[in-house]
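Chemist: Okay, structure incoming, though there's no sequence with it:
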């Protein structure tokens, strides 16, 4: 946030802390839980006025190294300014490259999200998980693993699936393990869908996911994953920024037309 405020000041924009009457607002995350719960009232206030809400959040590309910035949401419903003016070498600069699992395991992971996030507004995640399980059983007999969000419990009793418990990665603030070596990952619209697509694991996602352009449907889950992801990777690399790039205002240049 300090880096972003510095970029705003350098651009001639005057920040006002905790103002409810500015031209736009900058908040951390759209997860209305814990210390961030109070941000929901700020978010809804500015959206009701038709004023932009700039959202910063931890990244999915290089978690803890790159940081997501968008207007009004951090899924595909947000504005990133990432679809044109592309540097095709940017993914490499961020340490990103497309992969294909050498020996993928046979199971499919359903990766859930936090129920209090604006990303899942209007979605009953317990019901969503059950629907995904049924959709999978209609098209495949592969083992199904359900992976709850690390800080959001799911009612998974009696579903007849394996439950994966996310394990915190030692030495990190809040990063958790996610083995990208399965047949497919089913995710509504958060980081696991994006990470799956980069790793070459079939992403099955909602239209509101940034991974949707390179996703597959349930009907194609047993087909080879041969989607061309080159353009998508170049575009997705402009949804997140390093700390230095935040301070330099690269993100501001991208979203400026939406402010």
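Modeler: Ah, there it is. Model, not experiment: these values are computed from the prediction.
Chemist: so how far is the helix-or-strand element of the chain with minimal mean pLDDT off the chain centroid?
Modeler: Of all regular secondary-structure elements in the chain, judged by mean pLDDT, DSSP states H and E, the least confident is strand 162-163 with a mean of 85. Relative to the chain's own centre, strand 162-163 is displaced by 23 Å; criterion: C-alpha atoms, centre = their mean, to the nearest Å.
Chemist: switch to numbering from 17
Modeler: Let's use 17 as the start, then, which means that last one is strand 178-179.
Chemist: helices or strands next to the next helix or strand after that strand in the packing?
Modeler: Beyond strand 178-179 in the direction of the C-terminus, DSSP states H and E gives the next helix or strand as strand 200-203. Helices and strands in packing contact with strand 200-203 are listed as strand 124-127, helix 207-215, strand 218-221; criterion 3 or more C-beta pairs under 8 Å, 6 or more residues apart in numbering; DSSP states H and E. From N, CA and C alone the C-beta is placed, and that goes for glycine too.
Chemist: what's the closest of those to residue 34?
Modeler: Distance to residue 34, taken as C-beta to C-beta, is lowest for helix 207-215 among these, at 28.9 Å.
Chemist: Which residue is the nearest non-sequential neighbour of residue 196?
Modeler: Nearest residue to residue 196 in three dimensions, chain neighbours excluded: residue 215, at 3.8 Å (C-beta to C-beta, 6 or more residues apart in numbering).
Chemist: Pull the number of nearby residues for residue 34.
Modeler: The local packing of residue 34 (other C-beta atoms under 10 Å) involves 7 other residues.
Chemist: what about it, which SS state?
Modeler: The assignment at residue 34 comes out as coil when based on DSSP: H, G, I helix; E, B strand; the rest coil.
Chemist: Distance check, it against residue 74.
Modeler: Shown here: residue 34 relative to residue 74, a distance of 22 Å by C-beta to C-beta, to the nearest Å.
Chemist: Then residue 263?
Modeler: 17 Å.
Chemist: Mean pLDDT added to the helices and strands packed on strand 200-203, as TSV?
Modeler: Output for these, formatted as TSV (pLDDT from 0 to 100):
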stretch	mean pLDDT
strand 124-127	96
helix 207-215	96
strand 218-221	98
